[in-house]
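Trainee: Have a look at this prediction, sequence included:
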Amino acid sequence: MKKPPKILVVGSFVMDLICSAKRFPNSGETVFGTNFSTAPGGKGANQAVQAARLGAKVSMVGKLGRDDFGRQILRSLEDSFVDTSNVLFSDTCSTAVGNIQLEVTENGTANRIMVIPGANMDISVEEIEFLSKIISKYDMVILQLEIPMEINVAVAKLAYENGVPVMLNSAPSAPLPDELLNCITYISPNEHEASDMTGIAVKDISSAKAATEVLLSKGVKNVLITMGKQGAVFANEDGFWSSPCVDFGVTVDPTAAGDSFVGAFCTAVCLGDTVEQALLFANHTAGITVSRMGAQPSLPTMSDVVAFMRQNKHDISNYI
């Protein structure tokens, strides 16, 4: 592989509490579940771990509680060689938790997620001012919306002023201020978030293309929309690309699929991939992820992805 890219992720940590059942309960109803497990997650942490497992040198900034969940999440990042030296700790808030419900049927698995943000929302702008001294050394900054908006704005401005590209994974859905949009290089909503942002119901490739045109008209340079089993689309002033979902096997848990895709896409872009190559690489990465249980435990390594791409007879020369 080429020289490993340096990626900074500023975002969230969440301990996922995963409940499986044959169907989701209706309002006011109790159903028996079939399985329970815990796994480190959070959009920021997932994307950091995914990029690191694909060979990038990743640094993570975010905030944990001083509790067992926080220690478990920190250990998961360190086990994947993510630099955690700038992780912050809250003395007043617990580590965030996510209640993940999985409906497991013979047709696959669907999920519903509720997040209690905890320490993720306890970050102040003053606490991340140190980034002004080091942000220029990174090849890309990745942000999401599970931390305070003012933190994302401050980090995006620092990156923009230092010529560092920014990927904003605009999830969960929220209004985005112009001062943030003006500083990002890439935006990556899923189909639901893209619908919220544009007013267009994104249901297929055609409607996704229309949504990218709206977002480009707002001044965003590059738009990436992930669409689950329909794959992903990408658009900028040079054109429009679509890439189908790559099926690795039975969908076991789709929880971290979007994070896996974003982490892989950013790594591929930093390695010099074309749009088509980066989309293909990211789809293979996410395809493996959904075939495994849990958020971070499901994220594949570069050797996993290379083997899958080789199996499908794709060019892997940029990754070995």
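Mentor: Perfect, thanks for sending it. Numbers count the residues shown, from 1 in each chain.
Trainee: and the helix or strand bottoming out on mean pLDDT in the chain, what other elements does it pack with?
Mentor: Each helix and strand of the chain was given a mean pLDDT (mean pLDDT, DSSP states H and E); the minimum falls on strand 108-116 at a mean of 86. Taking 3 or more Cβ pairs under 8 Å, 6 or more residues apart in numbering; DSSP states H and E as contact, the helices and strands that strand 108-116 lies on are strand 97-105. For the C-beta atoms, the positions are set from N, CA and C on the backbone; glycine is no exception.
Trainee: partners of the strand it packs on, with directions?
Mentor: The strands beside strand 97-105 in its sheet (DSSP bridges) come out as strand 14-21 (parallel), strand 108-116 (antiparallel).
Trainee: Buried residues of that strand, list them for me.
Mentor: Neighbour counts using 16 or more other Cβ atoms under 10 Å place V97, G98, I100, Q101, L102, E103, V104 of strand 97-105 among the buried residues.
Trainee: starting at the chain centroid, how far to that strand?
Mentor: Counting by Cα atoms, centre = their mean, to the nearest Å, strand 97-105 is centred 18 Å from the centre of its parent chain.
Trainee: in this protein, which spans are strands?
Mentor: Taking DSSP state E as the test, the strands found in the chain are 6-10, 14-21, 33-41, 57-61, 63-65, 88-90, 97-105, 108-116, 140-143, 166-168, 186-187, 222-226, 232-236, 239-243.
Trainee: Need the ones you listed in a markdown table (columns: distance to E126).
Mentor: Written out in a markdown table, the entries for the strands of the chain read as follows (distance: least, Cβ to Cβ, whole Å):
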| stretch | distance to E126 |
| --- | --- |
| strand 6-10 | 15 |
| strand 14-21 | 24 |
| strand 33-41 | 27 |
| strand 57-61 | 13 |
| strand 63-65 | 13 |
| strand 88-90 | 11 |
| strand 97-105 | 26 |
| strand 108-116 | 25 |
| strand 140-143 | 18 |
| strand 166-168 | 21 |
| strand 186-187 | 27 |
| strand 222-226 | 31 |
| strand 232-236 | 35 |
| strand 239-243 | 41 |
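Trainee: ranking those by mean pLDDT, which is last?
Mentor: Considering these one by one, the lowest average pLDDT is found for strand 108-116, at a mean of 86.
Trainee: orientation of that strand relative to strand 33-41 in degrees?
Mentor: Comparing the axes of strand 108-116 and strand 33-41 via axes from the mean of the first three to the mean of the last three Cα atoms, to 10 degrees yields an angle of 60 degrees.
Trainee: in strand 108-116, what counts as buried?
Mentor: T109, N111, V115.
Trainee: And the most centrally placed residue in the chain, what's its pLDDT?
Mentor: For the chain, the residue lying nearest the average C-alpha position, counting by Cα atoms, centre = their mean, turns out to be D259 (2.5 Å). D259 is assigned a predicted lDDT (pLDDT) of 96.
Trainee: quick one, what contacts it?
Mentor: Contacts for D259 (Cβ atoms under 8 Å, 6 or more residues apart in numbering) come out as K43, N46, Q47, Q50, N169, A295.
Trainee: now, the most widely separated pair of those residues?
Mentor: The largest distance within the contacts of D259, taken as Cβ to Cβ, falls between N169 and A295 and amounts to 14.3 Å.
Trainee: in the chain, which spans are helices?
Mentor: Residue ranges of the helices in the chain, as given by DSSP state H, are 43-53, 68-79, 149-161, 178-181, 191-198, 205-217, 257-270, 275-289, 302-311.
Trainee: need these in TSV with distance to V31, can you?
Mentor: As requested, these are exported to TSV (distance: least, Cβ to Cβ, whole Å):
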stretch	distance to V31
helix 43-53	28
helix 68-79	26
helix 149-161	36
helix 178-181	40
helix 191-198	25
helix 205-217	34
helix 257-270	25
helix 275-289	27
helix 302-311	34
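Trainee: Of those helices, which stretch is the most buried?
Mentor: Highest mean neighbour count of these: helix 43-53, a mean of 30 (counted as mean count of other Cβ atoms under 10 Å).
Trainee: same question for it, mean pLDDT?
Mentor: 97.
Trainee: helices and strands around that helix, which ones?
Mentor: Secondary-structure packing of helix 43-53 (3+ Cβ pairs under 8 Å, 6+ apart): strand 6-10, strand 57-61, helix 68-79, strand 140-143, helix 257-270.
Trainee: I would like the residues contacting that helix, please.
Mentor: If you take Cβ under 8 Å, 6+ apart as the criterion, helix 43-53 is touched by 7, 9-14, 58, 60, 62, 73, 76-77, 80-82, 142, 144, 146-147, 169, 171, 256, 258-260, 262-264, 266-267, 285, 295-296, 299-302.
Trainee: Could you list the alpha-carbon positions for it in PDB?
Mentor: Provided in PDB are the C-alpha atoms of helix 43-53 (Å, rounded to 0.1, in the frame of the first residue of the first chain):
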ATOM      1  CA  LYS A  43     -20.300   7.100  14.500                       C
ATOM      2  CA  GLY A  44     -17.000   8.900  15.100                       C
ATOM      3  CA  ALA A  45     -15.300   6.000  16.900                       C
ATOM      4  CA  ASN A  46     -16.600   3.500  14.200                       C
ATOM      5  CA  GLN A  47     -15.300   5.600  11.400                       C
ATOM      6  CA  ALA A  48     -11.900   6.000  13.200                       C
ATOM      7  CA  VAL A  49     -11.600   2.300  13.800                       C
ATOM      8  CA  GLN A  50     -12.600   1.400  10.200                       C
ATOM      9  CA  ALA A  51     -10.000   3.800   8.700                       C
ATOM     10  CA  ALA A  52      -7.400   2.500  11.100                       C
ATOM     11  CA  ARG A  53      -8.100  -1.200  10.200                       C
END
